[in-house]
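Student: sequence and computational prediction follow.
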Amino acid sequence: MSGREITVAAIQMSSTPNKDENQATAERLIRSASSSGAELVALPELWSCHGLEKVYRENAEPIPGPTTQFLGALARELGVYVLGGSILEGDPTSKKLHNTSTFFGPDGEMSAVYRKIHLFDVKAPDREYLESETIAQGTEIVTAKAGGAVLGLSVCYDVRFPELYRLLALRGAEVLAVPAAFTLQTGKDHWELLLRARAVENQAFVIAPAQWGRKADGRWTYGRSMIVDPWGTVLAQCPDRDGYALATLDLDYLDRFREEFPALKNRRPEAYDWEV
């Protein structure tokens with residue numbers, strides 16, 4: 001990293017129910033992204049186990065635990081920041097788990113933990129999803145330092161709630177992380193639209209690593225991992241395969257842009273009535 005620039009990679013995977021297999025894929029892609037110049041590498045939602053609900057619970061683990069130890073060791077070895085997408089956190093015997101994102105510095109230390117706030121309870125075109133039946137709701141808004149940048153953490157369905165991202169921006173976030181496993185049906189119409197909107201309205205970069213492809217239970221995830229700049233321009237995007245989007249984020253440009261186009265400063269909170 002030099003000055004106010006940071007090169008980031010949004011990893012795309014088609015994770016399986018096999019944790020060892022997914023960990024090997026993640027390590028290969030993280031190493032490849034690092035060798036391509038990435039200083040911050042981000043994994044998708046539920047990267048360590050995906051596709052069969054019956055095995056999710058048995059793959060849940062504490063934080064810190066084996067998976068976070070693996071990520072921390074890799075971050076330290078490669079000297080990069082690692083956003084651990086999300087994993088299922090908790091005791092497998094618990095009634096509910098957390099869908100949790102973690103963040104590691106180049107020293108291998110875990111510097112941030114974010115538990116998904118907004119849970120996916122919807123009737124989508126392909127099926128009904130009730131994430132709240134098995135996942136406990138997070139309550140804390142989380143930012144983290146990545147060198148000279150401030151990172152705002154979120155997970156997947158969070159992206160539909162602009163209030164979260166505005167609060168992250170007001171707390172200094174310059175890069176918004178959205179690891180996800182969007183369904184194919186919602187992703188083809190909403191994924192890019194929502195990511196670009198969050199970037200524009202908060203004058204921030206967005207890094208969005210995603211699951212792609214058909215899962216073990218027959219469902220499809222959309223993929224198209226991407227990196228977006230504060231103007232809403234897509235800087236990099238993954239095709240439909242394992243890989244990563246790679247881009248250099250110019251944070252000096254972000255400072256100038258926010259100064260010249262001061263939408264965040266032009267807010268009028270005294271005029272907003274939040275009561276409904």
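Tutor: That came through, no problem.

Student: what comes up buried for stretch 76-91?
Tutor: Under the neighbour-count criterion of 16 or more other C-beta atoms under 10 Å, stretch 76-91 has 76, 78, 80-90 buried. In this view, the C-beta of every residue, glycine as well, is placed from N, C-alpha and C.

Student: go through these and flag which are in strands.
Tutor: Among the buried residues of stretch 76-91, the ones falling in strands (DSSP state E) are 81, 82, 83, 87, 88, 89.

Student: quick one: which two of those are the most distant?
Tutor: 81 and 88 (22.6 Å; C-beta to C-beta).

Student: what segments of this protein are helices?
Tutor: Taking DSSP state H, the helices of the chain run over residues 19-35, 53-56, 66-78, 162-170, 184-202, 251-260.

Student: of the ones you listed, which is nearest residue 12?
Tutor: Using C-beta to C-beta, the helices of the chain put helix 19-35 closest to residue 12, at 8.1 Å.

Student: now that closest one against helix 66-78, angle please.
Tutor: 20 degrees (axes from the mean of the first three to the mean of the last three C-alpha atoms, to 10 degrees).

Student: need the contact partners of helix 19-35.
Tutor: 9, 11, 13, 15-16, 41, 43, 47-50, 59, 67, 70, 74, 78, 80, 82, 242-244, 246 (C-beta atoms under 8 Å, 6 or more residues apart in numbering).

Student: what are the buried residues along that helix?
Tutor: Within helix 19-35, the residues that count as buried by 16+ other C-beta under 10 Å are 19, 22, 23, 25, 26, 29, 30, 32, 33, 34.

Student: before we move on, back to that, which one of the buried residues of stretch 76-91 is nearest residue 103?
Tutor: residue 83 (5.4 Å).

Student: quickly list what the closest one is bridged to.
Tutor: Taking DSSP bridges, one obtains residue 42, residue 103 as the residues bridged to residue 83.

Student: nice, that's everything, thank you.
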